[in-house]
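K.L.:
Sharing a model prediction with you, sequence too.
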Amino acid sequence: MKMAKIMFLYLAFVLAFYVATAFGAGKESMVIDVRTEAEWNTGHVEGARLIPLERIGKDIGTVTGDKRTRIYLYCRTGRRTALAFDVLKKAGYEDIINLGTVENAAKELGRPIVK
């Protein structure tokens, strides 16, 4: 019985470690809004940075030089995030997540939309 408890605790620890690793726990991350400044001013995800799509390739290096940083992208409809995703992948960034819309980004990240 004691061995079963030890084995259960060991498996629980391994599972917790795997889940934390899979979801990037402890990994540097940033949230980027690729909409226009006018759209940003109507409301954005708390803690996000504004880098409009037309500047993403040029300006991303000013906010992170580490190409392993997890980057969450969002926009109004998801179209611009798909384009930004491609730009960042071609620039060598490895961990990019397209969250689609601002509303979905707020929900997935558990953050409010602020003005």
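P.N.:
Okay, I see it.
K.L.:
avg pLDDT for stretch 34-41?
P.N.:
Confidence over stretch 34-41 (mean pLDDT, whole number) is 98.
K.L.:
residue ranges with poor pLDDT in the chain?
P.N.:
Residue ranges of the chain with pLDDT under 70: 1-26.
K.L.:
Nearest spatial neighbour of the residue most central in space within the chain, chain-adjacent residues omitted?
P.N.:
For the chain, the residue sitting closest to the mean C-alpha position, by Cα atoms, centre = their mean, is residue 72 at 2.4 Å. What sits nearest to residue 72 in space, not counting adjacent residues and going by Cβ to Cβ, 6 or more residues apart in numbering, is residue 31, at 4.5 Å. Glycine gets a C-beta too; all of them are placed from N, C-alpha and C.
K.L.:
now do residue 64
P.N.:
Counting by Cβ to Cβ, 6+ apart, the nearest residue to residue 64 once its immediate chain neighbours are dropped is residue 30, at 6.2 Å.
K.L.:
could you say which helix or strand contains that neighbour?
P.N.:
If you go by DSSP states H and E, residue 30 is part of strand 29-33.
K.L.:
pretty sure residue 70 is touching residue 99, no?
P.N.:
No. Counting by Cβ atoms under 8 Å, residue 70 does not reach residue 99; the two are 11.6 Å apart.
K.L.:
More neighbours: which of the two?
P.N.:
Counted by other Cβ atoms under 10 Å, residue 70 and residue 99 do not tie: residue 99 has more neighbours, with 21 against 18.
K.L.:
Would you mind giving the secondary structure of the more buried one?
P.N.:
What DSSP: H, G, I helix; E, B strand; the rest coil gives for residue 99 is strand.
K.L.:
picking up where we left off before, buried residues of the strand holding residue 30, list them for me.
P.N.:
Residues 30-33 are the ones in strand 29-33 that count as buried (16 or more other Cβ atoms under 10 Å).
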